[in-house]
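Next comes the sequence, and after it the predicted model I'd like to discuss.
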Amino acid sequence: MKKIFFVCLLVLAVAQAKAQGFELTGKALEYHQQYLPEALEHFNREKPFQQVAYWYSYADLNNDGNSDLILATYDKTRQVAYSFEQGAPVRLKVNSSIDDWTPLFFYYSYENINIKNDETLKFRPLFIDRPQISKNRFTLDNEFWMSANVTPAEIKKYNTLVFKPYVNKIKYVGSKNVGNKSVKYSYALTNPKVAKTMFRDYSDYQATPFAVPEAWLKNHNPLQFSRWLTGEKVKTASRDAQDIIKHFYGDRRILATQWLASCPINERHFYMVLFEREGNTGLVAMVCIAEGEVVSAYNDWQVLNQGENLNESGQSYDNELFFYAPQIMAMVAAPSGLELYVRWNSMEGMHYSIWREVDKNWIMIQDDYQYLIAY
C-alpha cells in the first residue's frame with residue numbers, strides 16, 4: 001500500500017540548485033520527518049546492495065521558499081531530491097552540484113525535527129550513566145543532555161526504568177549540584193529485590209538502563225534478546241550469515257565479523273562487519289539479518305590514506321574499529337520502527353543514543369555525549 005501511495009505521488013521535475021544548506025522553515029519542519037520513510041523506501045529500492053541512502057542535504061531547488069531534501073549514495077553518484085511543500089513527497093531531479101552533505105545516520109539528532117510529535121522523542125528517554133546496582137541508586141548527569149530542556153520538575157516525573165526486556169518502577173530520590181550548571185539526579189527502584197533479575201550477570205559498568213515516564217510504555221515494547229558483552233569471547237558470523245551479507249554488498253570480500261545481538265521474537269541477528277578496502281574506500285557496517293536476508297544496515301564508509309591502512313582519523317583499518325560498535329541496552333518495538341537503545345565509544349568519550357530502523361537504514365534519533373578524556 002505504501003509503495004503504491006508513493007509512486008502515485010512522485011512527480012518528476014527538473015530543477016537547478018540555487019541554495020546550499022537551506023534552512024528548514026515552516027511546515028518543512030514537520031513534513032521532512034513525517035515523509036522520510038517514504039522517501040527512503042523509494043530511493044533504496046531502485047538500486048541493489050550497498051547503494052542505499054547515506055548522505056542528506058537541503059536546497060530550495062524549485063525556488064518556492066521551502067527546503068527540499070536531497071538524498072545521495074555514499075559516493076554521491078546518485079542524488080535524488082524530494083519536496084514536501086504540500087505534505088506529499090514530490091520528486092525533483094538534481095542537475096547541479098550539492099556541496100554541503102551530512103551522513104543520514106545523524107538526520108534526526110542533528111536537525112531535532114518535530115520532536116514534540118515523535119512517539120519516542122516527546123518522552124525524552126534519559127540514560128543512567130552511573131548505575132550502582134547493589135546500592136539501588138541510578139544516577140544521571142544533565143551535563144550530557146543539558147540542551148534537551150528537561151526541567152527539574154519534569155525529571156521528578158520519570159518513574160520507569162528499562163533495561164533489556166525488563167521494566168520496573170523507580171522513584172526520584174534527590175539531586176546534587178556539581179558545578180558548571182551540572183546537576184546529578186538520582187532514582188531508586190521502588191522494589192529493590194527486582195534488581196537481581198533485571199541486572200542478572202551485569203556489573204555496574206556493563207549496564208546502562210534508561211528512565212522514561214510511564215506513558216512511554218503505551219506504544220513501546222521492550223523485547224527479550226541476547227548480546228555480546230565486553231570481555232566475553234568474540235563470536236563471529238556463521239558461513240551462511242557471511243554469504244548473506246556478501247550477497248547484499250555485491251560480493252565485497254569480508255575481512256572480519258563480530259556477533260552483537262540476537263532477538264528470537266523477530267528473528268533478528270546483528271553483526272559488525274569489516275569489508276576489504278576498494279581503492280581508497282573502506283567500509284565497516286552494523287548489519288541486521290532477518291529470515292535469511294539483510295533487512296537493514298548502518299554503513300560507515302572510511303576514506304583511507306593512499307597506500308596506507310589508515311583512515312582519516314589516523315586509526316588502523318582493521319577489526320579494532322569494532323571498539324566503536326553499539327552496545328545494545330534495549331531493543332524496542334515502536335510504531336515508527338525497531339529502536340535500539342545503545343551506548344557506543346567515540347575517540348574521546350561515550351555516546352548514549354537511540355537508533356531507529358527506517359526502511360533499510362539505521363538513523364540516530366537521539367544522542368547524549370559524555371566527554372571522558374582530559375588533556
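The structure has been received and is ready for your questions.

can you give me the strands for the stretch 51-200 of the chain?
55-59, 68-72, 79-83, 90-94, 102-103, 126-127, 130-132, 137-141, 160-163, 166-177, 183-189 (DSSP state E, counting those that start in this stretch).

Comparing those strands, which yields the minimum mean pLDDT?
Lowest mean pLDDT within the strands of the stretch 51-200 of the chain: strand 90-94, a mean of 83.

so T236 touches I254, yeah?
No. Using CB atoms under 8 Å, T236 makes no contact with I254, being 9.8 Å away. To be clear about C-beta, it is placed using only N, CA and C from the backbone, and glycine gets the same treatment.

before we move on, what SS does the closest residue to M350 other than its chain neighbours have?
Closest residue to M350 apart from its sequence neighbours, by CB to CB, 6 or more residues apart in numbering: Q370 at 4.5 Å. Judged by DSSP: H, G, I helix; E, B strand; the rest coil, the three-state class of Q370 is strand.

Contact partners for Q370?
Contacts for Q370 (CB atoms under 8 Å, 6 or more residues apart in numbering) come out as 129, 141, 143-144, 349-352.

Most neighbours among the residues you listed, which one is it?
Y352 (24 neighbours; other CB atoms under 10 Å).

quick one, what contacts that residue?
Y352 neighbours (CB under 8 Å, 6+ apart): 127, 129, 144, 208, 210, 342-343, 367-370.

Redo those residues as TSV? Include distance to V295.
Formatted as TSV, those follow (distance: CB to CB, whole Å):
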residue	distance to V295
F127	26
D129	31
F144	31
T208	26
F210	25
V342	18
R343	23
D367	23
D368	27
Y369	29
Q370	31
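
of these, buried ones?
For those, a neighbour count by 16 or more other CB atoms under 10 Å gives the buried set as 127, 129, 144, 208, 210, 342-343, 367-368, 370.

Those into JSON lines, with extra columns for distance to L61?
Below are the buried ones among the contacts of Y352 laid out as JSON lines (distance: CB to CB, whole Å):
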{"residue": "F127", "distance to L61": "39"}
{"residue": "D129", "distance to L61": "42"}
{"residue": "F144", "distance to L61": "37"}
{"residue": "T208", "distance to L61": "42"}
{"residue": "F210", "distance to L61": "39"}
{"residue": "V342", "distance to L61": "35"}
{"residue": "R343", "distance to L61": "38"}
{"residue": "D367", "distance to L61": "29"}
{"residue": "D368", "distance to L61": "34"}
{"residue": "Q370", "distance to L61": "39"}
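
what's the closest of these to F225?
Checking these against F225 by CB to CB gives V342 as the nearest, at 12.3 Å.

Name whatever forms a beta bridge with that closest one.
I328, S353 (DSSP bridges).

That one contacts M331, doesn't it?
No. Proximity of V342 to M331 does not meet the contact threshold set by CB under 8 Å, at 9.6 Å.

Tell me how many other residues crowd N309.
As a burial measure, N309 scores 12 neighbours (other CB under 10 Å).

contacting residues for it?
Applying CB under 8 Å, 6+ apart, the residues contacting N309 are 277, 316-318.

again, only using 7 Å
Shown in contact with N309 (CB atoms under 7 Å, 6 or more residues apart in numbering): 316-317.

For the protein, which segments count as helices?
Using DSSP state H, the helices of the chain run over residues 2-9, 28-34, 36-45, 107-111, 152-155, 195-198, 239-248.

Report the inter-axis angle for the third one versus strand 90-94.
So that's helix 36-45. For helix 36-45 against strand 90-94, the angle by axes from the mean of the first three to the mean of the last three CA atoms, to 10 degrees is 50 degrees.

tell me the average confidence for helix 36-45?
89.

Can you check which of the helices of the chain gets nearest to G231?
With CB to CB as the criterion, G231 lies closest to helix 195-198 of the helices of the chain, at 20.4 Å.

got a list of contacts for that closest one?
133, 136, 163, 166, 168, 189.

repeat for stretch 176-193
Contacting residues not belonging to stretch 176-193 are listed as 136-143, 146, 155, 161, 168-175, 195, 211 [CB under 7 Å, 6+ apart].
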